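Engineer: Got a sequence here, can you build the structure:
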Amino acid sequence: MAADTDHEALERTPSQVGDYVTLLKPRVMSLVIFTALVGLFVAPGGLHPVLAGTAILAIAIGAGASGALNMWYDRDIDRIMSRTQNRPLPRGRITEEEVLVFGLTLSAMSVATLGLATNWLAAGLLAFTIFFYAVIYTVWLKRSTPQNIVIGGAAGAFPPMIGWAAVTGQVGIEAWVMFAIIFLWTPPHFWALALFKKSDYEAAGVPMLPNVAGERATQNHILIYSVVLVASGIAPLIVGMAGWLYGAVAVGLGAWFLWLAFDLWRTSEKDQMKKVARSLFRFSLYYLFVLFVALAADHALGLYLGAAQ
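Structural biologist: Model prediction:
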């Protein structure tokens, strides 16, 4: 009887194109596309525009596939958490089988396309990224350890490395620097979110740091990771992949990030703490975006000045 009721619900709410787009996590995908594009742009050498566009499309599809597989596995807790209750699976607009096939098909297509368009190192990195996010993070880490975000952050840090590898056929120190920036950005970004969404994670049984170690420990961790993050943001200057333009932006953004992290660390009143955590979370989005814009702009300026000489 329950199965019949579920089937009737699906008939009343047929899937739409928008539901499949939602499965791809377009907001997350946009960040993946952008950082991969910057990695591709700043890499020495270059790709034909058609191949470059194909590479970015393949990386985007791979990121979307990861999102779909994540939603397929997390369908049970997505029904509980307020920020995920309206996703297609909890709403009964798409079946579990459709989502799984959709995610696996896109995964295979994206890896094959990137390998054929560029090289198999880039394709291998994309395949590992999909596996890391869908299996290592979603299946293993997310529900088993409060360090889920720390280790799982590697999945979101690979795109600029993939873009770099698509152009060069190798992974240089510059690619690792871009990886490190995103990897170290992920914990303070998501722990800030977890501070003002603590009840959601608690209800879903996801062991985020505030729920396991407490808010004070989370504030300490955010401050420590913020310091290391800001230091890593200066690394492009040290390895010679950026100049004064990037350096000025990195220092300014880093100073404001540290101030917000410090303000959160010194705040003890719960409502105020949630307010500051929300501010840090929102700024962290701008921080990463503007930092990579500055990296691309600095590279473009270098190309222009080099051509003018």
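Engineer: Output the longest helix belonging to the chain.
Structural biologist: helix 270-308 (DSSP state H).
Engineer: tell me which strands and helices that helix is in contact with?
Structural biologist: helix 26-42, helix 173-196, helix 215-233, helix 244-265 (3 or more C-beta pairs under 8 Å, 6 or more residues apart in numbering; DSSP states H and E). Yep, even glycine has a C-beta here, placed from its N, CA and C like the rest.
Engineer: Between helix 173-196 and that helix, find me the angle.
Structural biologist: 160 degrees (axes from the mean of the first three to the mean of the last three C-alpha atoms, to 10 degrees).
Engineer: The residue nearest the centre of the chain: what secondary structure?
Structural biologist: Centroid-nearest residue in the chain, with C-alpha atoms, centre = their mean: Gly156, separated by 3.8 Å. At Gly156 the chain is in helix, as set by DSSP: H, G, I helix; E, B strand; the rest coil.
Engineer: Break this protein into its domains for me.
Structural biologist: Residue ranges for the domains of the chain, per automatic domain parsing: 1-171, 172-309.
Engineer: Let me know whether Ser66 touches Phe128 as I believe.
Structural biologist: No - at 11.2 Å, Ser66 does not count as touching Phe128 under the criterion of C-beta atoms under 8 Å.
Engineer: More neighbours: which of these two?
Structural biologist: Ser66 (31 against 16; other C-beta atoms under 10 Å).
Engineer: Give me the nearest residue to that one, chain neighbours excluded.
Structural biologist: Tyr133 (4.2 Å; C-beta to C-beta, 6 or more residues apart in numbering).
Engineer: how deep is the one you found tucked in, by neighbour count?
Structural biologist: 23.
Engineer: Next up, the contacts around it.
Structural biologist: Residues near Tyr133 by C-beta atoms under 8 Å, 6 or more residues apart in numbering: Ser66, Leu69, Asn70, Gly152, Ala155, Gly156.
Engineer: secondary structure element for the third one?
Structural biologist: In other words, Asn70. helix 49-73 (DSSP states H and E).
Engineer: Are there helices or strands packed against that helix, and which ones?
Structural biologist: Helix 49-73 packs on helix 17-23, helix 26-42, helix 96-117, helix 120-131, helix 159-168, going by 3+ C-beta pairs under 8 Å, 6+ apart.
Engineer: Tell me the helices and strands packed up against the strand or helix carrying Ala203.
Structural biologist: Assigned by DSSP H and E, Ala203 belongs to helix 198-204. Secondary-structure packing of helix 198-204 (3+ C-beta pairs under 8 Å, 6+ apart): helix 209-212.
Engineer: Now the helix it packs on: average pLDDT?
Structural biologist: For helix 209-212, the mean pLDDT works out to 89.
Engineer: Which of the domains of the chain has the lowest mean pLDDT?
Structural biologist: domain 1-171 - the lowest mean pLDDT of the domains of the chain, at a mean of 88.
Engineer: need the contact list for the residue nearest to Met81 when sequence neighbours are not counted.
Structural biologist: Closest residue to Met81 apart from its sequence neighbours, by C-beta to C-beta, 6+ apart: Asp200 at 4.4 Å. Asp200 sits next to Ile80, Met81, Ser82, Arg83 when contact means C-beta under 8 Å, 6+ apart.
Engineer: Where does the residue nearest to Ser66 sit: helix, strand or coil?
Structural biologist: Under three-state DSSP, Tyr133 comes out as helix.
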